[in-house]
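[1] let's see this in three dimensions:
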Amino acid sequence: MRSLGQSAPRVPAIALVLTAVLTVQCGSALATKLFDRVGPEGAVLLRTGMAAIVLLALSRPGIDHIRQAGVRDVLVFGLTFLGMNSLFYAAIDRIPLGTAVTLEFVGPLAVAIVGSHRRLDFLWALLAAAGIVLLSDGLGSAGVFDLGALLALAAGGCWGLYIIQGARIGAALPGLGALAVAVSIAAVLSIPFGVAQGGSDLLVPSTLAIGLAVAVISSVIPYSLELEALRRLPSAVFGVLMSIEPAVAALIGFVLLGQGLELTEVLAIGLVVIASAGALRTATSPPRDS
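    Numbers count the residues shown, from 1 in each chain. I've put the predicted structure just below:
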């Protein structure tokens, strides 16, 4: 079955990436509407459960492919996906969306810097650290030790592990197959937590409808578009484009959720965006001859 990205080959690849970034953050904003109904854990269950059904139908990963990828690695991949989403939803239940995404972005930024081993990466690390320090000023007296901030940073750590683990099993489960398996495992593991928090409210038709919308907007559409964009763009360009995600999250938080930002917070997000773009750019560029 063709993915959403493959069905529109004439759409510029850059537009695919930007649309993916926009839909992910719109999905996160929509997910907050579920928190009052079923709580963050209930929202995770609805998102992963609905997304698993759609992604399995689209990709149809075979048992042989899962065995080839390694059952243990696949389970770890699913666990990191669950941790990433559960911690992130718990974070945006406490702090603004733009702030949470900026802090979460430290995970993939760290993966890019550690994997590059270039002197210039020290500058990107300093810029990111400066951004986090500035951002902590807007979180009250607790600063970066605010529970919401800690949850976002922990989600970023899971995101980094998700990237590393995804690279390991991606060859055995191409396309949406790896994501479908990860989301399915996360959905199964999230059942006790989601049911404990959401209860019978999880079965309310309007809640199920929002959950389906979140699943499609946050997972199915963006990942399909990103896969198609990766086929048509150099990885360095793709990484730089993805680095605008914290800024887009702040914009979506302002427009859809009414979450304003102080000037220092805007500057902090800008520093992390620059650091992420620089680190991802140098990490995917071949080293120059000395």
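
[2] quick one: residues contacting Val111.
    Val111 makes contact with Gly160, Ile163, Ile164 under the criterion CB atoms under 8 Å, 6 or more residues apart in numbering. To be clear about C-beta, it is placed using only N, CA and C from the backbone, and glycine gets the same treatment.

[3] low-confidence ranges, the chain, go.
    1-9, 115-117, 137-144, 235-236, 280-290 (pLDDT under 70).

[4] helices - which of the contacts of Val111 land there?
    Gly160, Ile163, Ile164 (DSSP state H).

[5] which one of those is nearest Gly258?
    The shortest approach to Gly258 among the ones in helices among the contacts of Val111 belongs to Gly160, at 30.7 Å (CB to CB).

[6] distance check, that closest one against Ala250.
    According to CB to CB, to the nearest Å, Gly160 stands 21 Å off from Ala250.

[7] settle it for me: which of the two has more neighbours?
    Ala250 (26 against 21; other CB atoms under 10 Å).

[8] now the more buried one: how far from Leu189?
    Separation of Ala250 from Leu189 (CB to CB) stands at 31 Å.

[9] try Met84
    Counting by CB to CB, the gap from Met84 to Leu189 is 13 Å.

[10] now swap in Leu126 and tell me
    Using CB to CB, one gets 37 Å for the distance from Leu126 to Leu189.

[11] and the two? Which one has more around it.
    Neighbour count, other CB under 10 Å: between Leu126 and Leu189, Leu189 has more, with 20 against 12.

[12] contacting residues for the more buried one?
    Neighbour list for Leu189: Gly78, Leu79, Leu82 [criterion: CB under 8 Å, 6+ apart].

[13] and what of Thr207?
    Thr207 makes contact with Leu34, Arg37, Val38, Leu46, Asp201, according to CB under 8 Å, 6+ apart.

[14] mind naming the longest helix for the protein?
    Per DSSP H, the chain has its longest helix at helix 13-59.

[15] list the buried residues of the helix or strand just after that one.
    Following helix 13-59 in sequence order, the next helix or strand is helix 63-69 (DSSP states H and E). For helix 63-69, the neighbour count (16 or more other CB atoms under 10 Å) marks His65, Ile66, Ala69 as buried.

[16] with only the CA atoms kept, save helix 63-69 in PDB.
    Backbone C-alpha positions of helix 63-69 (Å, rounded to 0.1, in the frame of the first residue of the first chain) are rendered in PDB as follows:
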ATOM      1  CA  ILE A  63       7.000 -12.100  11.600                       C
ATOM      2  CA  ASP A  64      10.100 -13.000   9.700                       C
ATOM      3  CA  HIS A  65      11.100  -9.400   9.500                       C
ATOM      4  CA  ILE A  66      10.600  -8.900  13.300                       C
ATOM      5  CA  ARG A  67      12.700 -12.000  14.000                       C
ATOM      6  CA  GLN A  68      15.400 -10.700  11.700                       C
ATOM      7  CA  ALA A  69      15.400  -7.300  13.500                       C
END
